[in-house]
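A.B. asks: Next one to model:
(chains A and B)
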Amino acid sequence: MTTPSKSKAPSRPSFKLTRIRIIAIVLLVLGLFIFLQAGGIDGDLVTTLTFETTSASETPSVGNIDVPTSSYLRLIGLLFIVTGILNLAELRAPRSRRASLALLVLCGLLFIPSVIIAAAAGNETNMTTIVAESLRLATPLAIGAMAGIWCERAGVVNIAIEGMMLFAACFGFTTLFYLRNTGLPLETAQLLAVIIAVLSGGLIALLHGWLSITFRTDQIVSGTVINILAVGVTSFVRREYLLSTEAGAAKLGNISIPILSDLPVIGEAIFTNQPIFFMMFVMLAFTHIVMFYTRWGLRTRAVGEHPHAADTLGINVNRTRWTNVWISGMVAGLAGAWFSLEATGSFNDGMTRGAGFIALAAMIFGKWTPIGAFGAALLFGFSDSLGIRLQMVGVGFPVQFLQMVPYAVTLIVLAGFIGRASPPKAVGQPYVKE
Amino acid sequence: MTAAAPVLEVRGISKRFPGVLANDNINLTLRKGQVLGLLGENGAGKSTLMNMIYGLYKPDEGEILVNGQAVDIAGPKDAIDLGIGMVHQHFQLVDVLTVTENVMLGNESVSGPFLRRDRARREILELSSEYGLDVNPDALIADLPVGVQQRVEIIKALYRHADILILDEPTAVLTPQETRGLFKIMHTLLEKGVSIIFISHKLKEVLEICDDVVVLRRGKVAGHADPQRSTEGSLASLMVGRDVILEVEKAAATPGDEILNIVNLQVHDDRGLPAVEGVNLGLQRGEILGIAGVQGNGQTELVEALTGMRPVDDGRFYIKGEDMTDSSPRRVTEKGVGHVPEDRQRDGLVAGFTVMHNLVLCTYYRNEFSNIIVVDDRAIADNAHQLVEQYDVRPPIINNPAGGLSGGNQQKVIVAREFSRGVDLLIASQPTRGLDVGSIEFIHKQIIRMRDEGAGILLVSSELDEVLSLSDRVAVMFEGQIIDILPIEEADKDTVGLRMAGVRDDIQREGAK
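C.D. replies: Numbers count the residues shown, from 1 in each chain, chains lettered A, B, ... in the order given. Below is the predicted model of the structure:
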């Protein structure tokens, strides 16, 4: 009368390095570092956070906040340490587990303000400007990332975003350059210039489609060809046609969104802005809705994941890809227009300076989802604006280090909460009907 | 029964691929509410024929009639419109989408450009209750077991109002229990007036469920068979073109020294959960020890641990008396262990390599095939020519990529490699999964030959018939443990089946399990 030997060996106490634990350890170290550093800061130092954007404002609607730097950082350091320890322990009870995860999220949220406060110790820093500036600098990255999503969700790698942007920036500006003396009203000329920029992005995308879909060239090679071509063609165009005494043109004018622009503090900083800036939000909403709520989006995603399955259901795989690549090019064109028409009112050689690749990184960082990619683009934008701010304020240690911090934290948080990014499965593979 | 009207007729269909006549003047008729079985060896042209009916290929000659009308099927869309649905051998499902999204894809219910998931969802639930196809419309495909994925494929066809359903080797990926479930669903479908083409090379299943059977051999119709008056043997010989011995002939085992000894082995699975929970087994030279069990009871992890592919949590195992726990696969190989892995495409072959290089994957570094720096392609080619002939790999072209071979021939390449290098212990996992009778017979013979030459063989299979016909002893694995070991004389189907479900009547079990 023996029982079948279900002899469970007493479970050995084992310590496994789970993802959460790795994050916890990083937090712990970071917390200790912050705590110790905070001790070194003069206890009387105060960071003043201001929110007003216009100095001429008569009635300040929001006051300034004075944060005692040293004590604040000690507090943050402690919070990090506690959170780190709690998560390291990996408490079993669901409630305490949830609580420690919530603390982890809190740490993530508090981190970026803390960086600013630490960096601007003893100084005054304007929070609203930082937010507005981050958003502004994120514009080409976010729109570029949307371009990437359109393409890659359909299974075509698009590393040519950079080149498409450059083409668009160049041709858009060239259009404006020639139209401004024709007597057309400035706004009309600018609108036409943006449209030409968008269309030229689309045109270059057709080249990408032709090479990579029709001729099944490796998509990376095709993209590289376009990027190299863009550098050559645009600098040729600039040298031949744009170099004249009067190479600058008016930037796109500001638009105020009714009602929203009357809001205190953020009204003027954010809702009175240039058109492509607003287009960023339009593109974000448009891409998200099309991808996840429409027939076209469903088919696009199916084609990018498992083209053969889509084919057996009567979906034309290559036509779907063509259309998406084309749309992607136009979206990238819009991002390109930002550089020459919105930001500078001029065209320079290689003025996109790798933004297309950063946009691609934002797309991957955001796991090929519009909202995630937008968040990633914001992060990149924030890092840029933080760098500019800090250089203006003049902090005591390398700006680059602080600029790096948001990425490091986000990477860790992403790794912990969302896990590995998985691209659309069929990305990069030309579709061949057997 | 035979009076039912034909819903699908194929007349004189031929299809040529470069160098091959895949289908040669094929005729067949599917009648309403019936199951037409399509039998044939791997590469006999079954899939080609079905792909033409579904519009994926265009026939070179001949015509297809649906409900008596000659039709031109230019693409899957046309086939769908004609009421033809196909469940492909490799499921055509998008992993990252939900069941609802997969079902509606290509035939979406929309208002304007926007998807109406709720409507599709409701339709799926209706279909699922009408036909007994139990699925959760909101589940992600990636999270579903194959049996459920297959149901999703069937729902996909029904959602498009298919009344002719082609099932391409639907049981190849199913456990016996899931197969029973599928047959039940098929009966419901038939009652509702759906006609089915059932492709398989499992003779027993064909005999059980089909109303009529067409056998293909080398692209031609080799004959018709009435399941009422056929036997497995007659079907098999029709299929292969010669008499096939389905019963494995083998002499009694003459066990020798112990070659493998497993002591209280514990292994975890990919999710870190215990999969093998204290297995004790001994295997002697000259015997075949079969491990029966429903898939997912730790067999995979056990085999992976023994072959050095998965770390051991606790316990040890000894090969030829030497402790081989947590050795590298190379060391296991060098110890004289052959391994036919469960997933031949993932673990058995490098699909992009040629047949000849695949044949030396675990011996290429030896002196016969290479010196210190370069491999000797001539020696490798000689070796390959010999093995390809001996093991009847078709086509016998050693420079083709192995990935291009049919499943059965890929398996022959693996078997040739593992069996030919003089192993003393063979660990074979699902060695005949998805293969046709001819290949199965061949591989079974080879396993017996190795046993008779004095090797010990650990055979893991979810095909109970295979385990029972080959083994000298049968161990049943259940929830990570060996629940019972029976000598073959005592291992009848019922007893082993009960053990596979975790029941041991001779031993009182405590309340919990």
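A.B. asks: could you pull out the helices for the stretch 301-434 of chain A?
C.D. replies: All helices of the stretch 301-434 of chain A, identified by DSSP state H, counting those that start in this stretch, fall at A:307-312, A:317-337, A:355-365, A:370-393, A:399-417.
A.B. asks: what about the chain, any weak spots by pLDDT?
C.D. replies: Using chain A here. Across chain A, the ranges flagged by pLDDT under 70 are A:1-17, A:52-62, A:245-247, A:393-397, A:402, A:405-406, A:408-421, A:434.
A.B. asks: Wait, chain B was what I had in mind.
C.D. replies: Those would be B:1-3, B:246, B:505-513, if you go by pLDDT under 70 across chain B.
A.B. asks: Tell me which residues of stretch B:32-48 come out buried.
C.D. replies: B:32-48 (16 or more other CB atoms under 10 Å in any protein chain shown). Glycine gets a C-beta too; all of them are placed from N, C-alpha and C.
A.B. asks: Among these, name the ones in helices.
C.D. replies: Mapping the buried residues of stretch B:32-48 onto helices (DSSP state H) picks out B:46-48.
A.B. asks: I'd like to know how far residue A:239 sits from residue A:347.
C.D. replies: To residue A:347, residue A:239 is 11 Å away according to CB to CB, to the nearest Å.
A.B. asks: which residue sits closest to residue B:12 in space, ignoring its chain neighbours?
C.D. replies: Of all residues not flanking residue B:12 in the chain, residue B:62 sits nearest, at 3.9 Å (CB to CB, 6 or more residues apart in numbering or on different chains).
A.B. asks: what's the burial count for that neighbour?
C.D. replies: Neighbour count of residue B:62, defined by other CB atoms under 10 Å in any protein chain shown: 16.
A.B. asks: List the contacts of the host helix or strand of it.
C.D. replies: Residue B:62 belongs to strand B:61-66 when assigned by DSSP states H and E. Residues from elsewhere that reach strand B:61-66, judged by CB atoms under 8 Å, 6 or more residues apart in numbering or on different chains: B:6-14, B:25-26, B:52-53, B:70-71, B:73, B:82-84, B:164.
A.B. asks: and if we set it to 7 Å?
C.D. replies: Here strand B:61-66 makes contact (CB atoms under 7 Å, 6 or more residues apart in numbering or on different chains) with B:7-14, B:53, B:70-71, B:73, B:82.
A.B. asks: Quick one: buried ones out of those?
C.D. replies: Buried, going by 16+ other CB under 10 Å: B:7-10, B:13-14, B:53, B:71, B:73, B:82, out of the contacts of strand B:61-66.
A.B. asks: Okay, and which of those residues map to helices?
C.D. replies: residue B:53.
A.B. asks: Can you add distance to chain A and give the buried ones among the contacts of strand B:61-66 back as TSV?
C.D. replies: Formatted as TSV, the buried ones among the contacts of strand B:61-66 follow (distance: CB to the nearest CB, whole Å):
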residue	distance to chain A
B:7	21
B:8	18
B:9	23
B:10	20
B:13	18
B:14	18
B:53	13
B:71	16
B:73	11
B:82	12
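A.B. asks: For the buried ones among the contacts of strand B:61-66, work out which two are farthest apart.
C.D. replies: By the measure CB to CB, B:7 and B:14 form the most distant pair in the buried ones among the contacts of strand B:61-66, at 22.4 Å.
A.B. asks: Now distance to residue B:271 too, for the buried ones among the contacts of strand B:61-66, in TSV please.
C.D. replies: Output for the buried ones among the contacts of strand B:61-66, formatted as TSV (distance: CB to CB, whole Å):
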residue	distance to residue B:271
B:7	46
B:8	45
B:9	50
B:10	47
B:13	48
B:14	50
B:53	41
B:71	49
B:73	44
B:82	44
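A.B. asks: With adjacent residues omitted, what lies nearest to the residue in the stretch 301-450 of chain B that chain A sits nearest to?
C.D. replies: Across the stretch 301-450 of chain B, the shortest distance to chain A (CB to the nearest CB) belongs to residue B:314, at 6.3 Å. In this structure, residue B:314 finds its nearest non-sequential neighbour in residue B:266, 4.2 Å apart by CB to CB, 6+ apart.
A.B. asks: Enumerate every residue touching the one you found.
C.D. replies: Contacts of residue B:266 by CB under 7 Å, 6+ apart are A:9, B:274, B:276-278, B:313-315.
A.B. asks: rerun at 6 Å
C.D. replies: Listed by CB atoms under 6 Å, 6 or more residues apart in numbering or on different chains, the contact set of residue B:266 reads B:276-278, B:313-315.
A.B. asks: What about the residues you listed, which one has the most neighbours?
C.D. replies: residue B:276 (31 neighbours).
A.B. asks: Show me what residue of the stretch 101-250 of chain A gets nearest to chain B.
C.D. replies: With CB to the nearest CB as the measure, residue A:153 is the residue of the stretch 101-250 of chain A nearest to chain B, at 10.9 Å.
A.B. asks: wouldn't that residue be in contact with residue A:300 here?
C.D. replies: Yes. Counting by CB atoms under 6 Å, residue A:153 touches residue A:300, with 5.2 Å between them.
A.B. asks: what is in contact with those two at once?
C.D. replies: Common neighbours of residue A:153 and residue A:300 (CB under 6 Å, 6+ apart) do not exist.
A.B. asks: quick revisit: how far is the strand holding residue B:62 from where the chain is centred?
C.D. replies: Strand B:61-66 has its C-alpha centroid displaced from the chain centroid by 31 Å (CA atoms, centre = their mean, to the nearest Å).
A.B. asks: Name the next helix or strand downstream of the helix or strand hosting residue A:171, please.
C.D. replies: Using DSSP H and E, residue A:171 sits within helix A:161-179. Remark: after helix A:161-179, the chain's next helix or strand is helix A:186-209, criterion DSSP H and E.
A.B. asks: Quick one: list the elements packing against that following helix.
C.D. replies: With contacts taken as 3 or more CB pairs under 6 Å, 6 or more residues apart in numbering or on different chains; DSSP states H and E, helix A:186-209 sits against helix A:161-179, helix A:219-237, helix A:317-337.
A.B. asks: Select, out of those, the one closest to residue B:297.
C.D. replies: helix A:317-337 (40.1 Å).
A.B. asks: what's the angle from that closest one to helix A:161-179?
C.D. replies: 60 degrees (axes from the mean of the first three to the mean of the last three CA atoms, to 10 degrees).
A.B. asks: Do helix A:317-337 and chain B come into contact?
C.D. replies: No. Counting by CB under 6 Å from any CB of the partner chain, chain B has no neighbours in helix A:317-337; the shortest distance is 10.9 Å.
A.B. asks: That helix vs helix A:219-237, what angle?
C.D. replies: Using the same axes, to 10 degrees: helix A:317-337 against helix A:219-237 is 40 degrees.
A.B. asks: Can you give the distance of helix A:317-337 from its chain's centre?
C.D. replies: On the basis of CA atoms, centre = their mean, helix A:317-337 is displaced by 19 Å from the centre of the chain it belongs to.
A.B. asks: Quick check on the residue nearest to residue B:314: phi, psi?
C.D. replies: phi -130, psi 130 (degrees, to the nearest 10).
A.B. asks: Ok, the one 3 residues further on next?
C.D. replies: Main-chain torsions, residue B:269, degrees, to the nearest 10: phi -90, psi -170.
A.B. asks: nearest residue to it other than its sequence neighbours?
C.D. replies: residue B:275 (3.9 Å).
A.B. asks: Please work out how many residues are found near the one you found.
C.D. replies: With other CB under 10 Å as criterion, residue B:275 counts 24.
A.B. asks: State the distance from the spatially most central residue of chain A to residue B:95.
C.D. replies: Among the residues of chain A, residue A:377 comes closest to the average C-alpha position under CA atoms, centre = their mean, at 0.8 Å. Distance, residue A:377 to residue B:95, by CB to CB: 28 Å.
A.B. asks: for residue A:216, same thing?
C.D. replies: In terms of CB to CB, residue A:216 sits 24 Å off from residue B:95.
A.B. asks: Which one's more surrounded, those two?
C.D. replies: residue B:95 (17 against 13).
A.B. asks: Which residue, other than its chain neighbours, is closest to that one?
C.D. replies: residue B:142 (4.3 Å).
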